[in-house]
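Student: coordinates for the following, if possible.
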Amino acid sequence: MLEKDETVILDGRAGYQTPLNRGTLTLTDRRLLWERSLSMDPFGEVEVALPLAQVRGCRGSGDAIVLDTDEGEVLIFPQWFMLSMLTGNRRTKEWLREINRALGQQASAAS
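Tutor: So this is what the prediction gives:
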């Protein structure tokens with residue numbers, strides 16, 4: 001799944017587009033990868049590989065991370081809603097910080 005010389009920055013469980021579409025999310029120095037492991041939507045995406053070069057912005061919205069991409073908005077849910085209420089969205093903030101850091105490094109490398 002990883003490309004040659006690709007480095008993992010962060011990985012963990014997360015929802016993709018909906019909190020119920022659960023899987024494994026991996027942030028690398030080049031891409032965001034998501035692989036479904038549990039989903040209420042049998043026709044939903046099974047695997048996603050989103051190059052960081054296609055992400056134009058990243059922001060938090062409650063317990064979700066909103067990625068502005070060339071193809072539109074992508075929603076990531078790094079933790080369950082009830083758990084996020086108890087932890088003050090700590091896991092979401094960690095993912096948001098690391099994604100923004102990777103986007104900044106990607107932009108610097110492209111210049």
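Student: tell me which other helices or strands the strand or helix carrying residue 99 touches.
Tutor: Element membership of residue 99, judged by DSSP states H and E, is helix 90-110. Under the contact definition 3 or more Cβ pairs under 8 Å, 6 or more residues apart in numbering; DSSP states H and E, helix 90-110 sits against strand 8-16, strand 22-28, strand 55-61, strand 64-69, helix 81-87. Where you see a C-beta, it was placed from the backbone N, CA and C, and this is true even at glycine.
Student: rank the ones you listed by pLDDT, which is bottom?
Tutor: Lowest mean pLDDT within these: helix 81-87, at a mean of 51.
Student: give me the most central residue, the protein.
Tutor: Taking Cα atoms, centre = their mean as the criterion, residue 76 is the residue nearest the geometric centre of the chain, at 5.1 Å.
Student: separation between the closest residue to that residue other than its chain neighbours and residue 111?
Tutor: Setting aside the residues directly before and after it, residue 76 is nearest to residue 65 in space (Cβ to Cβ, 6 or more residues apart in numbering), at 4.3 Å. Distance of residue 65 to residue 111, given as Cβ to Cβ, to the nearest Å: 25 Å.
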